[in-house]
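**Q** give me coordinates for this.
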Amino acid sequence: MFCKNLMRMVFFFLGLSLNLWNCIAVAETHDKPNIILIYTDDQGYGDVSCLNPEAKFQTPNMDRLSNEGLTFTNAHCSDTVCTPSRYGLLTGRYCWRTSLKTGVLGAEHPCLIKDDRITLASLLRDQGYETAMVGKWHLGMDFPGTPQNRDWTQPVQDMPLDKGFNYFYGIPASLNYGILAWFEGRFAKVPPTQFTRKKPNDLAISDYRIQPPYQTETSKGLFEIAPDFIDSECLTRFTEKSIAYIEHHTKSSNSEKPFFLYLPYTSPHKPVIPLPEFRGQGAAGAYGEFLIETDYHIGQILKCLDDHNLTENTLVILTSDNGPENTYAKRYELYGHKSAGPYRGGKRDAYEGGHRVPFLIRWPNQIEAGRVWDGAVCQTDLLATFAQLLDVTLPANAGEDSFSFLDVIEGKSNVKPRPAMIHHEMQGRFAIRDTIEGVEWKLILPQGKQDRELFNLTEDASETENALGDHPGIAETLEAQLTSLITQGRTTPGPAVKNDTGWWSDLNWIEQSSF
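**A** Residues are numbered from 1 along each chain as shown. As a prediction, this is how the structure comes out:
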């Protein structure tokens, strides 16, 4: 009898322990924040009104993220054009380590992200998240057949669903690259069976449109498009699909799981096409109106979170893939608006205006409202930050250029400065920034007719004075550091790993034999 009672007690406490463990597991799942990563396209640092006191238009919903969260004033994309920045954002690795050394991909190309590489999406998916992408991909897709012989009944391969996302709705690349249709999953509801080319856009500076009428016969210089595709519908469709995804998730059988939504908008990248209801707003022409529309759509996403009581435990990130398009100079001349704020240059440049971008994070459960962080961070750092948040150790061949800034999010004191960051511009020119004896320095390496340039960013963030002549030793130190970080295949601590290629000509200061 004693043994039977003892066994009953053992099974009772065992069952109680299992139930308690299950409750803890469920609680831990609920404690994981939902994550929304909003990625604008060609939005400069000065295109957020809270970052630019002299902005010629207002962005109240972006400002809301700043006022209710954490503003990074020294945040950087990993390249100064679209494809490589998106690669760095999603993988935590600099894109120039791949085969893409300059420029961007077209719509149709083997995906730059290999299937075995950990991404933000695959990391979060493997930790119990539902993962979705809605918007512009621009990392390469494999479409069925050839432009002369497509079979749109066959699925698209080597695309977001193969890189960690459970759901995809969007377009393959920038609007000027073609194969334009509203893809959902691996198929276009209306296939791109017609053809068109860029058309004049009188709304904006040096711009174009992608709009009907389209033609049924192809010829040289045309690209593929679906008959129902219109460029000005992108923002509305992406916002509506994102809201539908969030609402569906809250009602689904997986609603207890957190979600990750990657929302790369197509604005304010060309074509600059604000909807009629936003025309006449602001004082920076169609460009300002387009950003006001973009801000409106971001506000709709935030309202959806409010309406479904998701705001407190949803981590919302807003940032941009690079600095403003080179129409920024004419825009300043016409309207007095500085899209890059106080910084030099813009998209494609190695200067600050090319890669210093808006970076706002809101997470009410964790982040005290209205905080500001002036230390350097890079978009590649999101992978390591999410991994630390979820208590995951990344393998040696993942996130090679990703440093966690979770301590900043958590408001800890005595946060160490980020180690050296490498910048890279469209034509392959390199730069490196690091803090040496309390001063933030940036060395831009020579390329073609462009000589070395050294800037003391602590005193000259606008990069007006080349300090190379006064500080040759600093330049030598940074160059040696850059060489090591490139050849080691990583900037994070760990064993050396290979870049995807050998030496290439942009590494003009490195001996080919030593690579």
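
**Q** in the protein, which spans are helices?
**A** Using DSSP state H, the helices of the chain run over 2-31, 60-67, 82-91, 120-126, 234-251, 285-307, 328-335, 352-355, 381-389, 406-409, 472-487.

**Q** could the ones you listed be laid out in CSV, adding distance to residue 101, mean pLDDT and mean neighbour count?
**A** Every C-beta, even on glycine, is put in place using the N, C-alpha and C of the backbone. Putting those into CSV (distance: least, Cβ to Cβ, whole Å; pLDDT from 0 to 100; neighbours: other Cβ atoms under 10 Å) gives the following:
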stretch, distance to residue 101, mean pLDDT, mean neighbour count
helix 2-31, 42, 43, 10
helix 60-67, 33, 98, 19
helix 82-91, 9, 98, 28
helix 120-126, 24, 98, 22
helix 234-251, 29, 98, 18
helix 285-307, 31, 98, 21
helix 328-335, 26, 98, 16
helix 352-355, 17, 98, 29
helix 381-389, 22, 98, 24
helix 406-409, 32, 98, 18
helix 472-487, 12, 98, 16
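
**Q** columns distance to residue 189 on top of the ones you listed, output as JSON lines?
**A** Listed next are the helices of the chain as JSON lines, based on distance: least, Cβ to Cβ, whole Å:
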{"stretch": "helix 2-31", "distance to residue 189": "34"}
{"stretch": "helix 60-67", "distance to residue 189": "30"}
{"stretch": "helix 82-91", "distance to residue 189": "24"}
{"stretch": "helix 120-126", "distance to residue 189": "23"}
{"stretch": "helix 234-251", "distance to residue 189": "11"}
{"stretch": "helix 285-307", "distance to residue 189": "21"}
{"stretch": "helix 328-335", "distance to residue 189": "36"}
{"stretch": "helix 352-355", "distance to residue 189": "37"}
{"stretch": "helix 381-389", "distance to residue 189": "31"}
{"stretch": "helix 406-409", "distance to residue 189": "39"}
{"stretch": "helix 472-487", "distance to residue 189": "44"}
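
**Q** residue 115 and residue 445: what is the separation?
**A** Remark: distance between residue 115 and residue 445 (Cβ to Cβ, to the nearest Å) = 33 Å.

**Q** these two: who's more crowded?
**A** Comparing residue 115 with residue 445 by other Cβ atoms under 10 Å, the one with more neighbours is residue 445, at 25 against 10.

**Q** domains of the protein?
**A** Here the domain assignment for the chain is 34-409, 429-514, based on automatic domain parsing.

**Q** deepest of these, which one?
**A** Using mean count of other Cβ atoms under 10 Å, the stretch among those with the largest mean neighbour count is domain 34-409, at a mean of 20.

**Q** how long is stretch 250-267 from one end to the other?
**A** 28 Å (Cα to Cα, to the nearest Å).

**Q** likewise stretch 116-134?
**A** 22 Å.

**Q** tell me the angle of the biggest strand by length in the chain relative to helix 285-307?
**A** Identified as the longest strand of the chain according to DSSP state E is strand 259-268. Counting by axes from the mean of the first three to the mean of the last three Cα atoms, to 10 degrees, strand 259-268 points 160 degrees away from the direction of helix 285-307.

**Q** so what strands line up beside strand 259-268?
**A** strand 34-41 (parallel), strand 130-136 (parallel) (DSSP bridges).

**Q** and the last one with helix 234-251, angle?
**A** Between the direction of strand 130-136 and that of helix 234-251, the angle (the same axes, to 10 degrees) works out to 170 degrees.

**Q** pLDDT on strand 130-136, on average?
**A** Computed over strand 130-136, the mean pLDDT rounds to 98.

**Q** pLDDT weak spots in this protein?
**A** Along the chain, segments meeting pLDDT under 70 span 1-30.

**Q** on that earlier part again, for the domains of the chain, give me JSON lines that also has distance to residue 419.
**A** Below are the domains of the chain laid out as JSON lines (distance: least, Cβ to Cβ, whole Å):
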{"stretch": "domain 34-409", "distance to residue 419": "6"}
{"stretch": "domain 429-514", "distance to residue 419": "7"}
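
**Q** give me the residues contacting stretch 175-191.
**A** 106-108, 138, 141, 143, 150, 152, 155-157, 159, 161, 167-173, 192, 198, 208, 210, 223-229, 231, 234, 237, 266, 269-271 (Cβ atoms under 8 Å, 6 or more residues apart in numbering).

**Q** chain center to it, what's the gap?
**A** Centroid separation for stretch 175-191 versus its chain: 21 Å, with Cα atoms, centre = their mean, to the nearest Å.

**Q** ends of that stretch, how far apart?
**A** 16 Å.

**Q** can you check stretch 467-476 too?
**A** End-to-end distance of stretch 467-476: 13 Å, with Cα to Cα as the criterion.

**Q** contacts for it next, please.
**A** Contacts of stretch 467-476 (Cβ under 8 Å, 6+ apart): 436, 441, 443, 452-456, 460.

**Q** rerun that using 10 Å as the cut-off
**A** Outside of stretch 467-476, the residues within contact range by Cβ atoms under 10 Å, 6 or more residues apart in numbering are 434, 436-437, 439, 441-445, 451-456, 459-460, 477-478.

**Q** contacts only, for residue 477.
**A** Residue 477 is in contact with 432, 434, 436, 441, 443, 471, counting by Cβ under 10 Å, 6+ apart.

**Q** so who does the residue lying closest to residue 45 once chain neighbours are set aside touch?
**A** Computed as Cβ to Cβ, 6 or more residues apart in numbering, the closest residue to residue 45 that is not its neighbour in sequence is residue 341, at 4.4 Å. Residues near residue 341 by Cβ under 10 Å, 6+ apart: 44-48, 51-55, 73, 323-324, 352-353, 356, 358, 461-462.
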